[in-house]
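S.K.: Sequence first, predicted model second:
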Amino acid sequence: MDTHVIDSRVVEEGAAVRRRRECDVCNKRFSSYERAELRLPMLVKKDGARQSFDIEKIRHGMQKALEKRPVSTEALSASLNAILCAVQGLGESEITASQVGDYVMQQLQKLDAVAYVRFASVYREFKDIDDFLAAVKSAMDTDSAKQRGKE
């Protein structure tokens, strides 16, 4: 219960504060993270059901798509923060699952083309090879645009 702060740093692109603390009794050090608790909108599913917005479900879905891909944890966290900022920026009390899915797709397209296609195949419920090819073409177009931007 009795601790003091040794160091504080802003992390996750300003979304959190990391504090290095030391226990006054045993002198052990540990980190704590502080985030502003913001009210997030309710998520409206395709069937009309409503549930709480859960960033951990989004993290899990993105991690599944990014499995065995060369994307850092920091890049994933930055993408999740971008999604949270976009959702909060709407200022709505409700948001559709398809809007959230679109935000996820945008972020995955920036992170990794393969992860984007993986996620799209499930999210868009591909019915045939044409749907798959369209997603691959979209990913390739985005990848080409990135390459042109680096030159």
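M.R.: Good, I have the coordinates.
S.K.: What's the end-to-end length of stretch 6-15?
M.R.: Distance between the boundary residues of stretch 6-15 (Cα to Cα, to the nearest Å) amounts to 20 Å.
S.K.: quick one: contacts of that stretch?
M.R.: Residues from elsewhere that reach stretch 6-15, judged by Cβ atoms under 8 Å, 6 or more residues apart in numbering: 16-22, 29, 33, 35, 77-78, 81, 84. For the C-beta atoms, the positions are set from N, CA and C on the backbone; glycine is no exception.
S.K.: mind redoing it with 10 Å?
M.R.: Contact with stretch 6-15 is made by 16-22, 29, 31-36, 74, 77-78, 80-82, 84-85, as judged by Cβ atoms under 10 Å, 6 or more residues apart in numbering.
S.K.: Over to stretch 79-99?
M.R.: Contacting residues not belonging to stretch 79-99 are listed as 12-16, 35, 38-47, 49-51, 53, 55-56, 58-59, 62, 66, 71, 100, 102-104, 106-108, 110-111, 123 [Cβ under 10 Å, 6+ apart].
S.K.: Of these, which belong to strands?
M.R.: 16, 35, 42, 43, 44, 50, 51 (DSSP state E).
S.K.: are any of those buried, and which?
M.R.: 16, 43, 44 (16 or more other Cβ atoms under 10 Å).
S.K.: Leaving out the residues flanking it, which one is nearest to residue 132?
M.R.: Computed as Cβ to Cβ, 6 or more residues apart in numbering, the closest residue to residue 132 that is not its neighbour in sequence is residue 126, at 5.3 Å.
S.K.: Backbone dihedrals for the most far-flung residue of the chain relative to its centre, both of them.
M.R.: Using Cα atoms, centre = their mean, the residue of the chain lying farthest from its centre is residue 25. It sits 38.3 Å away. Per-residue torsions, residue 25: phi -90, psi -50 (degrees, to the nearest 10).
S.K.: so it touches residue 3, yeah?
M.R.: Yes - taking Cβ atoms under 10 Å as the definition, residue 25 is a contact partner of residue 3 at 8.9 Å.
S.K.: Distance check, residue 17 against residue 11.
M.R.: For residue 17, the distance to residue 11 equals 7 Å [Cβ to Cβ, to the nearest Å].
S.K.: Next: residue 114.
M.R.: Counting by Cβ to Cβ, the gap from residue 114 to residue 11 is 28 Å.
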